[in-house]
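**Q** Sequence below, structure please.
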Amino acid sequence: MRIPYFIQGALFGPALIGLTLMLKVICPASADAGCFADNLAVPIFLPLIFVYNVVDENLVMIHELWFLLLYWSFVGLLIGFIFDLRNRRSLY
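**A** Model (predicted):
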């Protein structure tokens, strides 16, 4: 039995953020040399620009990681849902 794509997509967000944080922690380069994880961090944190403009800064600072996890899980869920709808074939 296969797992539906919308569930796989919803798990993609936390997996991507966790992988990026783990790569940043184990990065052997010095702070100013850069890492592969630095390239992934820019698109991951991009939604926070919108949130800081809309919501109170103090609230966002406390819950940044939760917002990012929910945002990317929701985006993955929608993309997975599109793939689920695309793969269903009609009998007619």
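**Q** from here on, contacts and neighbour counts on C-alpha atoms
**A** Fine.
**Q** how many other residues sit next to residue 14?
**A** Burial of residue 14 is recorded as 20 neighbouring residues (other C-alpha atoms under 10 Å).
**Q** Quick check: which element contains it?
**A** Per DSSP states H and E: residue 14 is located in helix 5-25.
**Q** which strands and helices sit next to that helix?
**A** helix 36-45, helix 64-87 (3 or more C-alpha pairs under 8 Å, 6 or more residues apart in numbering; DSSP states H and E).
**Q** If you average pLDDT over each of those, which is lowest?
**A** Among the helices and strands packed on helix 5-25, helix 36-45 carries the lowest mean pLDDT, a mean of 86.
**Q** Nearest spatial neighbour of residue 7, chain-adjacent residues omitted?
**A** Spatial nearest neighbour of residue 7, excluding adjacent residues (C-alpha to C-alpha, 6 or more residues apart in numbering): residue 77 at 6.4 Å.
**Q** what's near enough to touch that neighbour?
**A** Residues near residue 77 by C-alpha atoms under 8 Å, 6 or more residues apart in numbering: 5-10.
**Q** Same check on residue 44?
**A** Residues in contact with residue 44, defined by C-alpha under 8 Å, 6+ apart, are 17, 68.
**Q** Equivalent analysis for residue 76, please.
**A** Residue 76 is in contact with 6, 8-13, counting by C-alpha under 8 Å, 6+ apart.
**Q** hmm, try it at 7 Å
**A** Residue 76 makes contact with 9-10, 12-13, according to C-alpha atoms under 7 Å, 6 or more residues apart in numbering.
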